[in-house]
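Peer 1: Have a look at this fold, sequence not included:
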C-alpha cells in the first residue's frame, strides 16, 4: 500500500499577495463569493508552488528553467520535463506537449489557500508620483490606482505520496532514463533530501509571496495537523477554527474517533502557543490503541524531529 502524509495548515495572510486580473485602475484580490454572500479571499495553488520553487532554488536544488515549445507564433514557455535533474518536475509534476505527450502526475498535491471565514476587503488608494527630488526627473501628473487588501485566516491542504523520486516508463524521456538505475528510482538519500527540503519550507521556514512589495510577504503559521497513513484518510474537512480563531478541537476529536482505524500517526502543531501533541496508533484484532505524547514544546529540535519522522515514514528503508 502507498504511504501518504495528509497535512492541513492554518495560516494568516494579509494584504494583496496574489492579485487577480486588473479592473481599470484597481488591483483586486483573488476571492470567491459563497452562496450566502460571504467574501473568501484565496491564494492560488500555482502561486504557492511558484513561491516554494524559489525557496527550493535557494536551498541549492536545480529548478526547471523552462523552454520554448510549439511552432512559429504559437511558441510559449513550457516544461523541460526532467524529474531526475529538476526537483520541481519530480514533486510537482510536468507536461511535455509532444506526440505522444509525456506527463507526470504530482506526488505532492497542493490546494488553494482559502479563507475559512468572511473577510472584509478594504481599498487603499495609491499613486505613482513624479520623483521631483531627482535632478533629472520626468515632470508629469500622478498616475492613481487602487489596491484591494484583506487580513484573513485560511487553510492550505497538502497530500504527499511515496512517489517522490520514483517514476514509471511513461513519465520519463529517454535522456532522463539514461541517468537512472534499472528500477527507475532515485537513490533513497536523494528522495529524502527532496522531501525534507519541501517539508522544511512547508512546516517551518515559510515562503515569500510574489507580490511582496504590496504587503507582509510571508504567511503567518498558526496550526498544522499532520496524519501519516497507508490508507486514504480525508481529514481535511475536520480542520477548522472556532469563532475565537483557535483550532476547533472538537472537530479534531471527532476525526480521531472516525479515522483511528486508518491512522498510524497524528501530529497537531500549535505554533502560537509553542507546543504540539502526537498520537500513535497500534492495531490488533480490530482493536485500536491510541497513545498520546505531549503536550510538548514545539521548538527547532522537535519540529526538525517531526520532519525526520515524516521522511522516514514516507521514504525510509525501514518501512514494510
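Peer 2: Okay, I see it. Here the structure is a predicted model, which is why all the values come from computation and not from measurement. Numbering: from 1, shown residues only.
Peer 1: When you work out contacts or count neighbours from here on, use the C-alpha atoms and nothing else.
Peer 2: Fine.
Peer 1: Do me a favour and average the pLDDT over the biggest strand by length in the chain.
Peer 2: What stands out as the longest strand in the chain, according to DSSP state E, is strand 143-161. Mean per-residue pLDDT for strand 143-161: 92.
Peer 1: Likewise for stretch 50-65?
Peer 2: Here the average pLDDT along stretch 50-65 is 95.
Peer 1: contacting residues around the most far-flung residue of the chain relative to its centre?
Peer 2: Farthest-out residue of the chain from its mean C-alpha position, per CA atoms, centre = their mean: residue 135, at 46.4 Å. Contacts for residue 135 (CA atoms under 8 Å, 6 or more residues apart in numbering) come out as none.
Peer 1: sec struct for residue 292, please.
Peer 2: strand (DSSP: H, G, I helix; E, B strand; the rest coil).
Peer 1: Give the bridge partners for it, please.
Peer 2: residue 279 (DSSP bridges).
Peer 1: Check the gap between it and residue 256 for me.
Peer 2: 12 Å (CA to CA, to the nearest Å).
Peer 1: More neighbours: which of the two?
Peer 2: Taking neighbours as other CA atoms under 10 Å, residue 292 and residue 256 compare with residue 256 leading, 18 against 13.
Peer 1: Surely the more buried one is within a helix?
Peer 2: Yes. Checked against three-state DSSP, residue 256 lies within a helix.
Peer 1: immediately after the helix-or-strand element of the chain with minimal mean pLDDT, which helix or strand?
Peer 2: Here the helix or strand of the chain ranked lowest by mean pLDDT, DSSP states H and E is strand 67-69, holding a mean of 69. Counting by DSSP states H and E, the next helix or strand C-terminal to strand 67-69 is strand 76-78.
Peer 1: Count the neighbours of residue 141 for me.
Peer 2: Residue 141: 10 neighbours (other CA under 10 Å).
Peer 1: now do residue 237
Peer 2: 11.
Peer 1: helix/strand/coil for it?
Peer 2: Residue 237 - assigned by three-state DSSP - is helix.
Peer 1: Model confidence for it, exactly?
Peer 2: Looking at residue 237, its pLDDT stands at 95.
Peer 1: cool, and residue 214?
Peer 2: 55.
Peer 1: what about stretch 165-182, start to end distance?
Peer 2: Taking CA to CA as the criterion, the two ends of stretch 165-182 lie 13 Å apart.
Peer 1: List the buried residues in it.
Peer 2: 165, 166, 167, 171, 172, 173, 177 (16 or more other CA atoms under 10 Å).
Peer 1: got it, and stretch 188-200?
Peer 2: Here stretch 188-200 shows 191, 192, 194, 195, 196, 197, 198, 199, 200 as buried, counting by 16+ other CA under 10 Å.
Peer 1: Please verify my assumption that the first one contacts residue 165.
Peer 2: Yes. Residue 191 is in contact with residue 165 according to CA atoms under 8 Å; the separation is 5.3 Å.
Peer 1: give the contact list for residue 118.
Peer 2: 38, 39, 40.
Peer 1: and the residues you listed, which are buried?
Peer 2: 39, 40.
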